[in-house]
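In: Can you look at this prediction? I've put the sequence above it.
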Amino acid sequence: MAGRGHWRLLAASAATLALVVPLGWLWWASLVPDTYSVMEMGVVDLGGGPATTGHDAHDGRDVSTLTGPRGGSPDVEVTLVARADAIDLGEGSAVGGYTLNGTSPGPELRLTRGDLVEVRLVNESVPDGVTLHWHGVDVPNAEDGVAGVTQNAVMVGERHVYRWVAEDAGTYWYHSHQVSHEQVRRGLFGTVVVQPRSATGGELDMVAAIHTYDGRRTVNGRVGESWREAAPGSPVRVRVVNTDNAPLHTWVAGTPYRVVAVDGYDLNRPTEVEDTSVLLTAGGRVDLEFTVPSDGTAVRVGTGVADTSLVVGPQGATPASTAEPEAELDLLDYGSPAPLGFTLDDVDRRFEYRIGRSPGFLDGMPGLWWTVNGEMFPDVPMYVVREGDLVVMTIRNDSGDVHPMHLHGHHAVVVSRDGEPATGSPLWVDSLNVADGETYEIAFVADNPGIWMDHCHNLPHATEGLLAHLMYEGVTTPYEVGGEVENSPE
Ligand code: C2O
Ligand code: CU
């Protein structure tokens, strides 16, 4: 009576079970606890260096002790009030988003090298809470602004004080590192300029922060053509900041120019280029220097979108064309070599950051997710270093998409791309454009103890698991991702 039907059914359910049980296991194994410490996440990677001994682990430092100077009166004191707000983009368009002191971008922080800065962040009305991360500024770890790693998110009605010294001149930016994939896109950011102590003088110095709000590209929060008046013959520095998730091309049209700095670091002996664009990775900055032509025409700084640009020149002048140049500058052989301060013969640790993509479960969600060294979040690397280590990291991208890789708290020099050594000026970056199929070797000195994110700055990719951490041995954090304050750095 049981007959064939019964057996067929049994066989079918066995086959289903054979499929479902391992899938169920994969699903279950992918679940990330609601609250966790990043210290317990990931796969420890010592990069060939010595392991932490039990003793070292116990005389460790808590990140909350790794602050900037707590005493002393600040040279620059700012209060930044975060709000859920409407953002006016000019030309009659506005979008809903987040502002700091009523604007997006928030106020530009203009500092002089050596300044002690005190920023009081007040959350008036951003429901998920906020933080401020000083992108590219190598601040002490407790000032880094990563919710759940270096602090708790600042909830509505709360405040948080950041204090740090502007050690390095250059162009940087700040943004929230709480629910950052949503908050940055919707306006919670601003720029930071640290001027050298002895400014060269006479140069017109301006920022061009490029951001796309709701599909509309802007310069300094304005759609369309932004004008800055400058007399013929004036020297100009434009600090271009890419606050978007994707790389863009920028250039100067109408006169030759030089790329004088990348990610806050001056290039050595940059030469003049013309009719050439430069790739600006997401999160990255380039400083472009030129002279306003003496024939009364105006210069245009392109953003990669024809109807949005910055025009610099005399009032009423005709600006240069909006067409994007065909030639692209390769920063790896631009400028002249200079000493790095170390040699690659004495590397203490070597890490790999191989980016891939594979089907699987991310916190129980089926999908095609990013992998790091073949594993999906949370099994991503925890790179462990000791203070003073010289580190080489190989970043390889086989994921089918470009990734702007951003290491917090450090600048790394680009050693090679696809096995070809860099031959130009040392290129020190905090944000590196790694296109599909590319392999970069970068080197840095571990000179800033803490626990630092090392993630893709296409911020939705970070929420999809494209992140890792760099941890100094013995450093611990009392903060947790998730938890009562719902820290959510990505
Ligand atoms: Cu600009 Cu981790 O971020
Ligand atoms: Cu990415």
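Out: Structure received. Numbering: from 1, shown residues only. Ligands and ions are numbered 1, 2, ... in the order given.

In: Near ligand 1, which residues of the protein are found?
Out: The chain comes close to ligand 1 at residues 133, 135, 175, 177, 283, 406, 408, 453, 455, 457, as judged by CB under 6 Å from any ligand atom. (Glycine included, C-beta is placed from N, CA and C.)

In: Let's see that with 8 Å instead.
Out: Contact residues of the chain with respect to ligand 1, defined by CB under 8 Å from any ligand atom, are listed as 133, 135-136, 146, 173, 175, 177, 180, 184, 283, 406, 408, 431, 453, 455, 457, 459, 462, 489.

In: OK, contacts around residue 213?
Out: By CB atoms under 8 Å, 6 or more residues apart in numbering, the contact set of residue 213 is 87, 89, 95, 97, 104, 185-187.

In: rerun that using 6 Å as the cut-off
Out: residue 95 (CB atoms under 6 Å, 6 or more residues apart in numbering).

In: which stretches of this structure form helices?
Out: For the chain, applying DSSP state H gives helices covering 3-30, 54-58, 180-183, 459-463.

In: Lowest average pLDDT across the ones you listed?
Out: When the helices of the chain are compared by mean pLDDT, helix 54-58 comes last with a mean of 52.

In: which ones are touching residue 68?
Out: Here residue 68 is in contact with 140, 143, 163-164 (CB under 6 Å, 6+ apart).

In: So which of those belong to strands?
Out: Among these, the members falling in strands (DSSP state E) are 163-164.

In: May I ask which of the contacts of residue 68 has the most neighbours?
Out: Counting by other CB atoms under 10 Å, residue 143 has the largest number of neighbours within these, with 24 neighbours.

In: Give me the below-cutoff pLDDT ranges for the stretch 1-150 of the chain.
Out: Across the stretch 1-150 of the chain, residues meeting the criterion (pLDDT under 70) sit at 1-12, 14-15, 17, 53-59.

In: swap the cut-off to 80 and go again
Out: Applying pLDDT under 80 to the stretch 1-150 of the chain picks out residues 1-22, 52-60.

In: Pick out the residue of it closest to ligand 1.
Out: At 3.7 Å from ligand 1, residue 135 is the closest residue in the stretch 1-150 of the chain, using CB to the nearest ligand atom.

In: ok, how many other residues are close to that residue?
Out: A total of 28 residues lie near residue 135 under the criterion other CB under 10 Å.

In: That one and residue 173 touch, don't they?
Out: Yes - at 5.0 Å, residue 135 counts as touching residue 173 under the criterion of CB atoms under 6 Å.

In: Which members of the contacts of residue 68 are the farthest-apart pair?
Out: Distances among those were taken as CB to CB; the most separated pair is 140 and 163, at 9.2 Å.

In: quick one, what contacts residue 128?
Out: When contacts are counted by CB under 6 Å, 6+ apart, residue 128 touches residue 179.

In: let's see 7 Å
Out: Under the criterion of CB atoms under 7 Å, 6 or more residues apart in numbering, the neighbours of residue 128 are 178-179.

In: would you turn the contacts of residue 68 into a markdown table with distance to residue 476?
Out: Formatted as a markdown table, the entries for the contacts of residue 68 read as follows, by distance: CB to CB, whole Å:
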| residue | distance to residue 476 |
| --- | --- |
| 140 | 15 |
| 143 | 17 |
| 163 | 22 |
| 164 | 21 |
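
In: Looking at the contacts of residue 68, which is nearest residue 310?
Out: Out of the contacts of residue 68, the one with the shortest distance to residue 310 is residue 164. That distance is 29.2 Å, counting by CB to CB.

In: beta partners of that closest one?
Out: Residue 164 forms beta bridges with residue 117, as assigned by DSSP bridges.

In: Would you tell me which residues of the chain are close to ligand 2?
Out: Proximity of the chain to ligand 2 is assessed by CB under 5 Å from the ion, with 403, 456, 458, 461, 466 identified as the residues in range.

In: tally of neighbours for the second one?
Out: Residue 456 sits with 30 neighbouring residues when counted by other CB under 10 Å.

In: What pLDDT does the model give it?
Out: On the pLDDT scale, residue 456 is placed at 98.

In: thought it was touching residue 402?
Out: No - with contact defined as CB atoms under 7 Å, residue 456 does not count as touching residue 402 (9.4 Å).

In: Now residue 137. Nearest residue, chain neighbours left out?
Out: Residue nearest to residue 137 in three dimensions, not counting chain neighbours: residue 172, with 4.9 Å by CB to CB, 6 or more residues apart in numbering.

In: got a list of what that neighbour touches?
Out: Residue 172 is in contact with 134-137, 192, 264, counting by CB under 7 Å, 6+ apart.

In: just the buried members of those residues?
Out: Applying a neighbour-count criterion of 16 or more other CB atoms under 10 Å, the buried members of the contacts of residue 172 are 134-137, 192, 264.

In: before we move on, the earlier item: which one of the residues of the chain next to ligand 2 has the most neighbours?
Out: Comparing the residues of the chain next to ligand 2 on neighbour count, residue 456 comes out first with 30 neighbours (neighbours: other CB under 10 Å).

In: which residues touch that residue?
Out: Taking CB under 7 Å, 6+ apart, we find residue 456 in contact with 403-405, 462, 466-467.

In: 6 Å instead?
Out: With contact set as CB under 6 Å, 6+ apart, residue 456 has these partners: 403, 462, 466.

In: which one is it nearest to, not counting chain neighbours?
Out: residue 466 (4.0 Å).

In: so the one you found touches residue 369, yeah?
Out: No - applying CB under 6 Å, one finds residue 466 not in contact with residue 369, separated by 8.7 Å.
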